[in-house]
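Novice: next one to model:
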Amino acid sequence: MLGSHITPLARSHIQTADVVFVAVSDGIVELWLKEMHADVRSLQPFYAEGKRRTQTYREMVDAILTEVRAGKRVCAVFYGHPGVFAWAPHQAIKMARAEGYQAHMEPGISSEDCLYADLGIDPGSIGCQHFDTTQFMLYRRQVDPSAWLILWQVGLAGEQTGHRFATGPAHRQVLVDVLARNYPGDHEVIVYRAATLPTQAPRMEHMPLARLVGADLDGADTLAVPPSRPLQDDPEIQARLAALDDATGVASGAPGPIPA
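Specialist: Numbers count the residues shown, from 1 in each chain. You can find the predicted model right below:
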């Protein structure tokens, strides 16, 4: 979120760099960063209609590394966490280090962190699984319906061309069919999108799974799927752990992790 989700150390790196590259979620955020530094260069112009995103990302990395090789102190600013669903930052750091330059990533607040806070989810209570939506569709993943399932970039469900920034109802029907292996059609899911400006509210739209096909979605949306069944006991492991506690004279309580 503009102005609030930035650490003091990240702000310091921006202010002390020679060049600042930015790829952020809103033009207002870009203007705000320009108030912090005299040489802020947007990475957004690398995007173009019909251009593969992989090419765009390579060009972003090239732009960043060109200034690094020129001997400048470079800071690249990305929205959310720079290492979450962001190929260019990881690649830029990898290449810079391979060429002998010092490079590191500062952690940031991602949409995952906002999701936990806005939806009131504690991933340590019953567990939480995260997948890219298209990858989840293309491969047979072992889904645990007793834990939360988080699918990132649900608006890009089934996108494999590298050109599109959203897919339509036909692709989402395939996603619903995949989810139907573990969840009934009337199971309630949540379409989530974090707020990026103080004037915005997060999107938290509840709907039956079957209605996802006709929902208005884009690449910024995340799908949160609550558990559809309770946790399954493992009596054998519970007995073994209870025996260990008995052997050491420690009284065991109810099964499950102890909250911090």
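
Novice: low pLDDT regions in this protein?
Specialist: 251-260 (pLDDT under 70).

Novice: helices of that one, start to end?
Specialist: 8-16, 27-34, 53-69, 87-98, 111-119, 123-126, 133-138, 169-179, 235-248 (DSSP state H).

Novice: would TSV of these with mean neighbour count and distance to residue 206 be doable?
Specialist: In short, each C-beta sits where N, CA and C put it, glycine included. Below are these laid out as TSV (neighbours: other C-beta atoms under 10 Å; distance: least, C-beta to C-beta, whole Å):
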stretch	mean neighbour count	distance to residue 206
helix 8-16	13	34
helix 27-34	15	28
helix 53-69	17	31
helix 87-98	17	32
helix 111-119	18	10
helix 123-126	13	19
helix 133-138	19	18
helix 169-179	17	16
helix 235-248	10	34
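
Novice: who wins for proximity to residue 152 among those helices?
Specialist: Closest approach to residue 152 among the helices of the chain is made by helix 133-138 (6.3 Å; C-beta to C-beta).

Novice: name the residues that touch the closest one?
Specialist: By C-beta atoms under 8 Å, 6 or more residues apart in numbering, the residues outside helix 133-138 that reach it are 151-154, 156-160, 174-175, 178, 223.

Novice: any of those buried? List them.
Specialist: Taking 16 or more other C-beta atoms under 10 Å as the criterion, what is buried in the contacts of helix 133-138 is 151-154, 156-159, 175, 178, 223.

Novice: the residues you listed in strands, which ones?
Specialist: Under the assignment DSSP state E, the buried ones among the contacts of helix 133-138 contribute 151-152, 223 to strands.

Novice: I'd like those residues laid out as CSV, including distance to residue 145.
Specialist: Putting those into CSV (distance: C-beta to C-beta, whole Å) gives the following:
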residue, distance to residue 145
151, 14
152, 19
223, 15
